[in-house]
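Chemist: Any chance you can model this:
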Amino acid sequence: MTPSMHSDRPRYSDRPFPRYRFVPGETPHPRRHPDGHSFGQPEPSSTAFAIELWRDSETYVFGIDLFNFGYWWESHESFEALWHAFDRQTPEARFFQGLIQLAAAHLKRRSGNESAAIRLSGRSRTTLEGTPIRYMGLDVAGLVKDIKRFCATPTGPAVYLSLDFSNEQPIATPADYTTGPQTNERSRASDKRKP
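Modeler: Predicted structure coming up:
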C-alpha cells in the first residue's frame, strides 16, 4: 500500500514513509508481525532539545509528516519518543502528549470507534489549551479550533498540522497561552498518566 492520500500537502522531512499505514485489524502490526514495516527495528527515540531548535528535530518534523499523511499510529510513535525525552511537568511534554492523543483520536476514528475518537480528541484539545498560542511551529490556537471541528464532525476531514518555519518567538508570556498555562491539580494529575 503506497501513500497517495494528501499528495498535495507539503513534506517537512525527506525521510521515506513506511510501506503502509498501520490500522489495527486491517494491516500487520508494524513491530510484532514478521511482515510489519518496522519489524525488528528499534522504537523511535529522541533526546530533549531547546524549543527554539524544533526545526532541527527530525523526529518531530517527520512525526508531523506522518500525521498529515494519515500514518497516525506511526506519528503517535514519533510523538511518544519526544514525550519520553522531556520531563512530564514541562510544556514540551504536555504539547507532545496533546499530539499523541490527537493521533490516537484519528486512528480510533479510522478504525470506526467514534466514541473513543471524540474522547481522545477532547483530551488533546484540553491538553493543548495549556500550550502557548504559537508553539514549535504550530498555530496551537488554530489547532484547538480544528480539533473542536473534528469532534463535532464525525465525517469531516482530519486535522492538518501546518508547520510555520518563519520567525517565531520561542519564549512564551502569559498572554501567549490559549487559556493560560495548566497549573491546576487536575492537569498535574493527568500529566502523570500515559497519553
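
Chemist: What distance do you get for the residue most central in space within the chain to residue 18?
Modeler: Compute the mean C-alpha point of the chain, and by Cα atoms, centre = their mean the closest residue is residue 99, 2.7 Å away. Distance check for residue 99 against residue 18: by Cβ to Cβ, to the nearest Å, it reads 18 Å. C-beta coordinates here come from the backbone N, C-alpha and C atoms, glycine included.

Chemist: ok, now which ones touch the residue of the chain positioned farthest from its centre?
Modeler: For the chain, the largest distance from the centre (Cα atoms, centre = their mean) belongs to residue 34, which lies 26.7 Å off. Each residue near residue 34 by Cβ atoms under 8 Å, 6 or more residues apart in numbering is listed here: residue 28.

Chemist: do you know how far the nearest residue to residue 9 once chain neighbours are set aside is from residue 88?
Modeler: Spatially, and ignoring its direct neighbours in sequence, residue 9 is nearest to residue 68 (5.5 Å; Cβ to Cβ, 6 or more residues apart in numbering). Distance, residue 68 to residue 88, using Cβ to Cβ: 26 Å.

Chemist: Can you tell me the element the nearest residue to residue 36 once chain neighbours are set aside falls in?
Modeler: Of all residues beyond its chain neighbours, the one nearest residue 36 is residue 30 (4.2 Å), with distances taken as Cβ to Cβ, 6+ apart. In the assignment (DSSP states H and E), residue 30 maps to no helix and no strand.

Chemist: thought residue 30 was touching residue 21?
Modeler: No: under the criterion of Cβ atoms under 8 Å, residue 30 is not in contact with residue 21, lying 9.7 Å apart.

Chemist: out of these two, which sits in the busier spot?
Modeler: When neighbours are counted by other Cβ atoms under 10 Å, residue 30 and residue 21 differ, and residue 21 comes out ahead with 23 against 20.
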